[in-house]
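# Sharing a model that was predicted from the sequence below.
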Amino acid sequence: MYCEICGRVIEGDPIPIEVDNAVLYVCRGCAARYGKRAPPQTVQKKPPQSQKAKPPSPRLPPVEVELVENYGEVIRVARQNLGLSREALAAMLGVKETVLRRVEAGQLQPDYALAKKLEKALGVKLLVEAKEEASGAKSGGKVERGLTLGEVVEIREDGEK
């Protein structure tokens, strides 16, 4: 262990001293020079890490999902049908009222966890399976491509730099 004042390696046990209402663990030299010994009741060792239950991590969607097209309107209508204010619904969901207002206005897409909470609280369907778009269907089977680097770069003759 190192002295919290001078940084030297502490031989033996560190000495707790009180400096400006802070308890420092120092070497014998610094203990003699600075501060007074800390009273035993103020010396606190770090409590052992308690085995707190970790908050559940938001579940990932089992399949690719996307929001319904008019999610803001669906949320607003369902909230009004239940007779809830934005503030009350936001408190139920554990989000700020401004976040809920922006989601209802379509300015902010809710993440997966918030969308699931909204579905459960309002009894609506917001997440649907993502639709696969057929590639090349629009161009009649012909694949369009952009320019290649070779087409863009001007090739210099051997002598030029």
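Cool, got the structure. Numbering: from 1, shown residues only.
# any idea where the strands of the chain begin and end?
In the chain, the segments counted as strands under DSSP state E are 15-19, 22-26, 36-37, 65-67, 127-129.
# nearest to G146, of those strands?
strand 65-67 (26.9 Å; Cβ to Cβ). (Each C-beta comes from the backbone N, C-alpha and C, glycine too.)
# Just checking: what are the partner strands of that closest one?
Looking at strand 65-67 with DSSP bridges, its partner strands are strand 127-129 (antiparallel).
# Okay, buried residues for the strand it pairs with please.
Neighbour counts using 16 or more other Cβ atoms under 10 Å place L127 of strand 127-129 among the buried residues.
# closest one to K120 among the strands of the chain?
Taking these one by one with Cβ to Cβ, strand 127-129 is closest: 11.4 Å.
# For that closest one, give me every contacting residue.
P61, V63, E64, V65, E66, L67, V68, Y112, A115, K116, E119 (Cβ atoms under 8 Å, 6 or more residues apart in numbering).
# related to what we said a few turns ago, the strands of the chain: lowest mean pLDDT?
Note on those: strand 36-37 shows the lowest mean pLDDT, a mean of 76.
# quick one: strands adjacent to it?
When DSSP bridges is applied, strand 36-37 pairs with strand 15-19 (antiparallel).
# The strand it pairs with to strand 22-26, inter-axis angle?
140 degrees (axes from the mean of the first three to the mean of the last three Cα atoms, to 10 degrees).
# how about strand 15-19: buried residues?
For strand 15-19, burial by neighbour count (16+ other Cβ under 10 Å) applies to I15, P16, I17, E18.
# so can I have CSV of the strands of the chain showing distance to E73?
As requested, the strands of the chain are exported to CSV (distance: least, Cβ to Cβ, whole Å):
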stretch, distance to E73
strand 15-19, 62
strand 22-26, 57
strand 36-37, 69
strand 65-67, 12
strand 127-129, 15
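# Minimum distance to G94: which of those strands has it?
strand 127-129 (18.9 Å).
# Please tell me how far the closest residue in space to R37 that isn't next to it in sequence sits from D111.
Leaving aside its chain neighbours, R37 sits nearest to I17 (5.9 Å; criterion: Cβ to Cβ, 6 or more residues apart in numbering). I17 sits 50 Å away from D111, going by Cβ to Cβ, to the nearest Å.
# What of V124?
V124 is 17 Å from D111, by Cβ to Cβ.
# what about these two, which has more around it?
Neighbours were counted for V124 and for D111 using other Cβ atoms under 10 Å; V124 has more, 16 against 10.
# Dihedrals phi and psi, that one?
Main-chain torsions, V124, degrees, to the nearest 10: phi -120, psi 170.
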